[in-house]
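A.B. asks: I'll drop the sequence and a predicted model, then ask my questions.
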Amino acid sequence: MSKIKIAIAGVGNCASSLVQGIHYYKDKNPKDVIGLMHWEIGGYTPGDIKVVAAFDIDRRKVGVDVNDAVFAEPNCTKVFCPDLPQAGVIVRMGIILDGFSDHMKEYEDKYTFLLANETEPDQEEVVKILKDTDAQILLNYLPVGSEEATRFYAECALEAGVAFINNIPVFIASNPQWAARFKAKNVPLIGDDIKSQVGATIVHRTLTDLFKKRGVKLERTYQLNTGGNTDFLNMLNRRRLASKKMSKTESVQSVAGRRLDKENIHIGPSDYVSWQKDNKVCFIRMEGKLFGDVPLDLELRLSVEDSPNSAGVAVDSIRCAKLALDRGEGGVLAAPSAYFCKHPPWQLTDNEAFHMLENFIHKCQDKVREISDYQQREGHQISTKR
């Protein structure tokens with residue numbers, strides 16, 4: 001199979017885990033593989049993914065080979081594949097805009113960005129780089145709250161005709177105007193806000209769905225998260241969290257038996273604890289009533305390395321985007337978006353999304369319910385006010 005050529009905007013912890021994973025699984029025996037939802041998608045394995053371009057704004061990464069940059073501070077995720085060969089791809093200066101929160105300057109250099117002095121590129125330059133490197137897919141790994149910067153890279157992907165995977169909670173795929181533009185240019189789009197393999201959101205959704213299916217009335221719930229990576233440091237600026245809280249909250253609300261009032265559901269980042277580094281600790285509490293109106297309380301603590309948890313989904317998302325390119329399919333990829341992301345255009349249960357994804361991958365000719373059926377169901381279509 002030919003290589004899947006990707007470009008990355010934001011060479012942080014998530015990009016580090018992804019790049020390490022590409023090489024970690026490259027020579028694995030399929031029988032010995034652990035940690036992948038799919039070893040092969042459309043003939044492509046994780047080792048078929050190749051980084052051909054990368055953008056960042058930290059001076060410790062800009063101008064450095066991408067396979068070295070993924071280990072540069074302030075990255076702090078687990079190193080599980082340390083001996084990466086030189087990629088021959090130099091990290092280029094990216095756009096800043098709102099991709100950097102001023103409060104991060106208050107922290108020691110070890111834990112925050114050192115802004116590069118290079119001149120920021122304009123849209124024409126980024127588009128040229130994408131075209132010159134033959135990039136097929138652009139992954140957005142910018143910090144939460146990077147609204148303007150995300151739209152900048154989405155515009156670049158559109159102009160370059162490159163598929164766009166939006167891994168953060170800025171609404172592109174779930175924005176009807178953006179979705180229509182990608183559809184008009186027949187460019188694949190997956191988003192928004194990547195959902196980890198076994199992370200806080202997927203666990204919270206699963207438990208909420210369990211309450212519904214087992215006849216338990218969910219009355220109130222919270223999800224609190226702490227971490228010590230730059231993502232959590234960035235989110236100390238609460239003004240950057242509006243879309244993040246909406247994305248995570250809607251993901252849980254959409255599978256509840258009935259929607260909870262705002263005062264009875266709280267989901268979102270809690271605090272930055274530097275020594276946790278890339279380890280994310282999640283606390284979930286759910287209160288409800290079961291048979292005879294008897295109270296039920298559930299409390300759960302989940303501790304997981306945040307970025308590898310995300311990369312396990314990203315490798316599938318990339319290969320699904322490549323499948324769409326191979327098939328000449330453009331616009332929002334409904335099934336991958338619903339299964340891989342917290343805030344897709346159409347919220348489905350995880351079982352529904354899983355079966356639709358398998359049909360997308362295998363191009364089954366069976367009678368499969370179209371996404372339009374879900375659009376017509378009350379509560380399945382997300383309204384985004386942009």
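C.D. replies: Structure's in. What do you need?
A.B. asks: quick one: stretch 328-346 to chain centroid distance?
C.D. replies: In terms of Cα atoms, centre = their mean, to the nearest Å, the gap separating the centre of stretch 328-346 from the centre of its chain is 12 Å.
A.B. asks: and that stretch, what's its mean pLDDT?
C.D. replies: pLDDT averaged over stretch 328-346 equals 97, rounded to a whole number.
A.B. asks: For that stretch, list every residue counted as buried.
C.D. replies: Across stretch 328-346, burial judged by 16 or more other Cβ atoms under 10 Å covers 330-346. To be clear about C-beta, it is placed using only N, CA and C from the backbone, and glycine gets the same treatment.
A.B. asks: distance between the ends of that stretch?
C.D. replies: End-to-end distance for stretch 328-346: 22 Å, by Cα to Cα, to the nearest Å.
A.B. asks: Spell out the residue ranges of the helices in the stretch 201-350 of the chain.
C.D. replies: Secondary structure of the stretch 201-350 of the chain (DSSP state H, counting those that start in this stretch): helices located at 230-234, 242-253, 306-327, 334-340, 350-362.
A.B. asks: correction: the stretch 1-150 of the chain
C.D. replies: Going by DSSP H, counting those that start in this stretch, the stretch 1-150 of the chain shows helices at 13-24, 66-69, 123-132, 147-160.
A.B. asks: Please name every helix or strand in contact with the second one.
C.D. replies: Packed against helix 66-69 by the contact rule (3 or more Cβ pairs under 8 Å, 6 or more residues apart in numbering; DSSP states H and E) you find strand 49-56.
A.B. asks: how about 10 Å then?
C.D. replies: Where contact means 3 or more Cβ pairs under 10 Å, 6 or more residues apart in numbering; DSSP states H and E, helix 66-69 is packed against helix 13-24, strand 49-56.
A.B. asks: Now tabulate the ones you listed in a markdown table and tack on distance to residue 84 and mean pLDDT.
C.D. replies: Written out in a markdown table, the entries for the helices and strands packed on helix 66-69 read as follows (distance: least, Cβ to Cβ, whole Å; pLDDT from 0 to 100):
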| stretch | distance to residue 84 | mean pLDDT |
| --- | --- | --- |
| helix 13-24 | 6 | 98 |
| strand 49-56 | 11 | 98 |
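A.B. asks: would TSV of these with mean neighbour count be doable?
C.D. replies: Written out in TSV, the entries for the helices and strands packed on helix 66-69 read as follows (neighbours: other Cβ atoms under 10 Å):
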stretch	mean neighbour count
helix 13-24	25
strand 49-56	24
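A.B. asks: mind checking which of these is nearest residue 286?
C.D. replies: When these are compared by Cβ to Cβ, helix 13-24 sits nearest residue 286, at 28.1 Å.
A.B. asks: Quick check: residue 57 vs residue 140, distance?
C.D. replies: Plainly put, residue 57 is 14 Å away from residue 140 if you go by Cβ to Cβ, to the nearest Å.
A.B. asks: Need the residues touching each of the two.
C.D. replies: Any residue near both residue 57 and residue 140 by Cβ atoms under 10 Å, 6 or more residues apart in numbering counts here, and that gives 10, 149.
A.B. asks: count of neighbours near the residue nearest to residue 232 when sequence neighbours are not counted?
C.D. replies: Nearest residue to residue 232, sequence neighbours excluded (Cβ to Cβ, 6 or more residues apart in numbering): residue 272, at 4.4 Å. If you count neighbours by other Cβ atoms under 10 Å, residue 272 ends up with 19.
A.B. asks: Residue 272 pairs with what?
C.D. replies: When bridges are called by DSSP bridges, residue 272 pairs up with residue 227.
A.B. asks: what's around residue 90, how many residues?
C.D. replies: Other residues within reach of residue 90 by the criterion other Cβ under 10 Å amount to 15.
A.B. asks: Send me stretch 65-76 as PDB with only the CA atoms.
C.D. replies: Backbone C-alpha positions of stretch 65-76 (Å, rounded to 0.1, in the frame of the first residue of the first chain) are rendered in PDB as follows:
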ATOM      1  CA  ASP A  65      13.300  17.300  12.900                       C
ATOM      2  CA  VAL A  66       9.700  16.300  13.800                       C
ATOM      3  CA  ASN A  67      10.900  12.900  15.300                       C
ATOM      4  CA  ASP A  68      13.100  14.900  17.700                       C
ATOM      5  CA  ALA A  69      10.500  17.600  18.300                       C
ATOM      6  CA  VAL A  70       8.000  15.200  19.700                       C
ATOM      7  CA  PHE A  71      10.300  14.600  22.700                       C
ATOM      8  CA  ALA A  72      11.100  18.300  23.300                       C
ATOM      9  CA  GLU A  73       9.800  20.100  26.300                       C
ATOM     10  CA  PRO A  74       7.200  21.000  27.400                       C
ATOM     11  CA  ASN A  75       6.000  17.500  26.000                       C
ATOM     12  CA  CYS A  76       5.800  15.200  28.900                       C
END
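A.B. asks: show me the contacts for residue 290.
C.D. replies: Contacts of residue 290 were listed using Cβ under 10 Å, 6+ apart, and they are 211, 214, 215, 216, 217, 296.
A.B. asks: By neighbour count, which of the residues you listed wins?
C.D. replies: Within these, most neighbours by other Cβ under 10 Å means residue 211, with 21 neighbours.
A.B. asks: quick one on the thing from earlier: possible to save the helices of the stretch 201-350 of the chain as CSV with distance to residue 284?
C.D. replies: What follows is those, written out as CSV (distance: least, Cβ to Cβ, whole Å):
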stretch, distance to residue 284
helix 230-234, 17
helix 242-253, 10
helix 306-327, 16
helix 334-340, 21
helix 350-362, 16
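A.B. asks: so which of those helices is the most packed in?
C.D. replies: Highest mean neighbour count of those: helix 334-340, a mean of 26 (counted as mean count of other Cβ atoms under 10 Å).
A.B. asks: From the contact counts, what lies against that helix?
C.D. replies: With contacts taken as 3+ Cβ pairs under 10 Å, 6+ apart, helix 334-340 sits against strand 163-166, strand 188-190, helix 306-327, helix 350-362, helix 371-375.
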